[in-house]
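**Q** This is a predicted model, with the sequence first.
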Amino acid sequence: MPTTRESILAALHARLQPLAALTLRDEVLPERIPASGLIILHDGQPGEPEVTLSPLRYHYQHRAELEVVVQAGTGRASAFDDLIAAIGAALETDRSLGGLCDWVEPDAPVSVDLPIDGSAALKAAVITLNLNYTTTGPLA
C-alpha cells in the first residue's frame, strides 16, 4: 500500500498528464524538448511536520516543484504562458487531489530564458507547489 506522500504525488502527476506538454516525474532535463513543452514534477521535501496528539497526527506542508520548459522560436512567451495557465487550471479543478490532500497551493512561477547554442532559447520556470496533508506517522 503506498504512503500518503506517494499517493498524493502520484495523483498530482496523473492530474498533469492530460496537458499538451510531456509530463515526467523526477527525471533530468532531456536533450530535446517536445514542441508542446515539458513539465517535470520533482517530489521535493515534506519538511518538518506539526504534530498533534490524541489522536497522533503529522501535518505536513510538503514543497514539491514543477520544472516547466518551452522551446519555440516565435511565440515562445505565448506558448509558455499558455502552459502555465493550463497547469493552474488543472490544479484548480480539484485542490484536494480527490481527497488525498487538504490543499494544493502553487506559488507564482520564477521564470528565466536559457540560451542554447545553435538552437532556439528555452523559456523555463520553477513552480513550487505547497501540498498540505496529514498522516498518522512520518512513514505512513
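**A** That came through fine. Residues are numbered from 1 along each chain as shown.

**Q** Against residue 133, how distant is the spatially most distant residue from the centre of the chain?
**A** Centroid-distance maximum for the chain: residue 54 at 32.9 Å, with C-alpha atoms, centre = their mean. Distance, residue 54 to residue 133, using C-beta to C-beta, to the nearest Å: 20 Å. Just so you know, the C-beta spots here come from the backbone N, C-alpha and C atoms, and that holds for glycine as well.

**Q** do the same with residue 32
**A** Residue 32 sits 35 Å away from residue 133, taking C-beta to C-beta as the criterion.

**Q** Between the two, which has more neighbouring residues?
**A** Set side by side, residue 32 and residue 133 show more neighbours around residue 133, with 22 against 9, by other C-beta atoms under 10 Å.

**Q** just to revisit the earlier point, read off the pLDDT value for the residue farthest from the centre of the chain.
**A** Predicted confidence (pLDDT) for residue 54: 91.

**Q** what's the answer for the one 4 residues further on, then?
**A** We note a pLDDT of 98 for residue 58 in this prediction.

**Q** What is the host helix or strand of it packed up against?
**A** For residue 58, the element it lies in under DSSP states H and E is strand 57-71. Contacts defined by 3 or more C-beta pairs under 8 Å, 6 or more residues apart in numbering; DSSP states H and E place strand 57-71 against helix 4-16, strand 38-45, strand 50-52, helix 76-92, strand 119-135.

**Q** Now the first one: buried residues?
**A** In other words, helix 4-16. Going by neighbour count (16 or more other C-beta atoms under 10 Å), the buried part of helix 4-16 is 4, 5, 7, 8, 9, 11, 12, 13, 15, 16.
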